[in-house]
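Chemist: Test case, fold it:
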Amino acid sequence: MAASDFPRCDETGAWKALRQHFDGAGRGFDVRRALRSDAARVQACSVQAPHVFADLSKNLVDPHADRLLLQLAQECGVLAQRDAMFAGETINNTESRQVMHFLLRAPKQGRAGAKLSAELAQVHETLDRMLAFAEEVRADSRITDVVNIGIGGSDLGPQMATIALEAFVTPGKRFHFVSNIDAHELAAVLKQVKPEGTLFLIASKTFSTLETMTNARSAREWFTRQGGTDVARHFAALTTNVKAAAEFGIARTFGFWDWVGGRYSMWSAIGLPIAIAVGAGRFRELLAGAHEMDRHFREAPPERNLPLRLALLDVWYRDFHGFNSRSVAPYHSSLRRLPAYLQQLEMESNGKRVDRQGRPLPFATSPVVWGEPGTNGQHAYFQMLHQGTDVVPVEFVAVKTPAHDLAEHHPQLLANVLAQAAALMQGKEDSGGHKHFPGNRPSTMLLLERLDPQSLGALIALYEHRVFCAGALWGINSFDQWGVELGKVLAKDIAPRLQSGDTQGLDASTAALIERLRG
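Modeler: From the prediction side, this is the model:
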């Protein structure tokens, strides 16, 4: 299936109708009046997906815009593109790769079909090996610390999930994540651990990522300086480059495949630290929750398909309202790394300026995604959300049932998340101006019954499919990341210049900075 088989959003009749509607009634839509006048709005704008309930009623979308957005999805062939992905077609056209992270959480007897049965068998063979190793580590009382060394998808996903599931983490083991080439991060971790009690996981698909391998070499040098002798026992590799791992001294490797993108890899061997933290059974629950969301995405009708509905909101806000950012506010401390994880998932996937055919886009794509957990964010940036000059849609993530028994706290937390969403919408009149809240500021509420492996898996898969749908609407390839490469290439050229002082051929600013750093 070629990229040219599907029209880009701005090439459809629905796009033109949406523009006309926005310029007419859509721009001035007041959600406060809509909620007062339409008794059915809350129910019509609520979607129950596996483990995730969404209240979309506070968004700036009227029924006519909603119908046109669904028409836009149909004209862009979003669901046909979805089916192409699940069929194993090569939808990553710029890298000539399949996109099949969904297979990583498919049951052994799943819906992969004959075409993908060999890949599914390999997935489960690797999964079984990885989980068996995870149980070995969990049972080994001599291992007190697990240090994951990776970057990007090899760090953000495992770190986010391990923290999110901290209520389920095995006692007696600590988990550390090192990603930055700034050695202050690694040094701070090494001060806390002992070589005889530490397992290092080196997570790099190619076993050549600059930051990861620099940190890995420094960790190995520290290990041997501290008297460590058995690198093979205290280091494992999550990589496809078994030869390079062996040359490093690592005997235990767990691989994955070209069709697993880095930011979609926490379900693969990259998830080994999660499995060690929570155990094989709960890791399988994480996969099961994600698979449930996969089924929802494949089977739910468009109007009740939550990933699609959220993606349509993203397009409506970005390209019609002109909102250039979205704040994610998880009201659960264990989800504190969720905004950082979503930054990579969304902005690396959809931060593109050309379509799948390489044509420049005449419209905006990915918003800036940012946020902090509630209630901390309320005392930091919510002032701007309520009274600033920019309108920023807010995505609240709340959890009904806490994992603690401190009874006084959770009702106050839930009261705050409900109050913030209501205040953004309602606003407040004040003749003096300083206490005036304009209101009519949109938000989405995502509600989990509890934060556990299944609900976390479903939530992350929801975001993955939402990003896919938005990319399909915009006509871009959500699965490459060429923009990450240029800076890496330039850094390789600049690093030796910092030693030699050679600034020939550099721009004047970079040359002057090198001279200052060497002085």
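Chemist: Where does pLDDT dip in this protein?
Modeler: 1-4, 110-114 (pLDDT under 70).
Chemist: hmm, 90 instead?
Modeler: Within the chain, the stretches with pLDDT under 90 are 1-5, 109-117, 170, 229, 240, 430-433, 485, 488, 519.
Chemist: Enumerate every residue touching the nearest residue to residue 481 once chain neighbours are set aside.
Modeler: Nearest residue to residue 481 in three dimensions, chain neighbours excluded: residue 348, at 5.1 Å (Cβ to Cβ, 6 or more residues apart in numbering). (Each C-beta comes from the backbone N, C-alpha and C, glycine too.) Listed by Cβ atoms under 8 Å, 6 or more residues apart in numbering, the contact partners of residue 348 are 152, 263, 481, 483-484.
Chemist: and residue 240, that's in a helix?
Modeler: No - membership of residue 240 in a helix is not supported by DSSP: H, G, I helix; E, B strand; the rest coil, which gives coil.
Chemist: and it, how many neighbours does it have?
Modeler: 19 (other Cβ atoms under 10 Å).
Chemist: roughly how far apart are it and residue 118?
Modeler: For residue 240, the distance to residue 118 equals 17 Å [Cβ to Cβ, to the nearest Å].
Chemist: what does residue 429 give?
Modeler: Distance from residue 429 to residue 118, by Cβ to Cβ: 65 Å.
Chemist: With residue 412 instead?
Modeler: According to Cβ to Cβ, residue 412 and residue 118 sit 53 Å apart.
Chemist: now do residue 106
Modeler: 13 Å.
Chemist: Repeat that for residue 275.
Modeler: Distance of residue 275 to residue 118, computed by Cβ to Cβ: 24 Å.
Chemist: Next secondary structure element downstream of the strand or helix carrying residue 287?
Modeler: Applying DSSP states H and E as the criterion places residue 287 in helix 280-299. The helix or strand immediately downstream of helix 280-299 is helix 306-316, counting by DSSP H and E.
Chemist: Could you list every helix and strand in contact with that following helix?
Modeler: Packing partners of helix 306-316 (3 or more Cβ pairs under 8 Å, 6 or more residues apart in numbering; DSSP states H and E): strand 46-49, strand 52-55, helix 63-75, helix 78-86, helix 280-299, helix 453-474.
Chemist: got TSV for these, with distance to residue 394 too?
Modeler: Formatted as TSV, these follow (distance: least, Cβ to Cβ, whole Å):
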stretch	distance to residue 394
strand 46-49	18
strand 52-55	13
helix 63-75	19
helix 78-86	25
helix 280-299	22
helix 453-474	16
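Chemist: Make TSV out of these and add distance to residue 324 and mean neighbour count.
Modeler: TSV is the format used below for the helices and strands packed on helix 306-316 (distance: least, Cβ to Cβ, whole Å; neighbours: other Cβ atoms under 10 Å):
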stretch	distance to residue 324	mean neighbour count
strand 46-49	25	18
strand 52-55	23	18
helix 63-75	19	19
helix 78-86	23	19
helix 280-299	27	21
helix 453-474	14	26
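Chemist: residue boundaries of the helices in the stretch 401-519 of the chain?
Modeler: Using DSSP state H, counting those that start in this stretch, the helices of the stretch 401-519 of the chain run over residues 409-426, 453-474, 485-500, 508-518.
Chemist: Residue 207 is nearest to which of these?
Modeler: Closest approach to residue 207 among the helices of the stretch 401-519 of the chain (Cβ to Cβ): helix 485-500, 15.8 Å.
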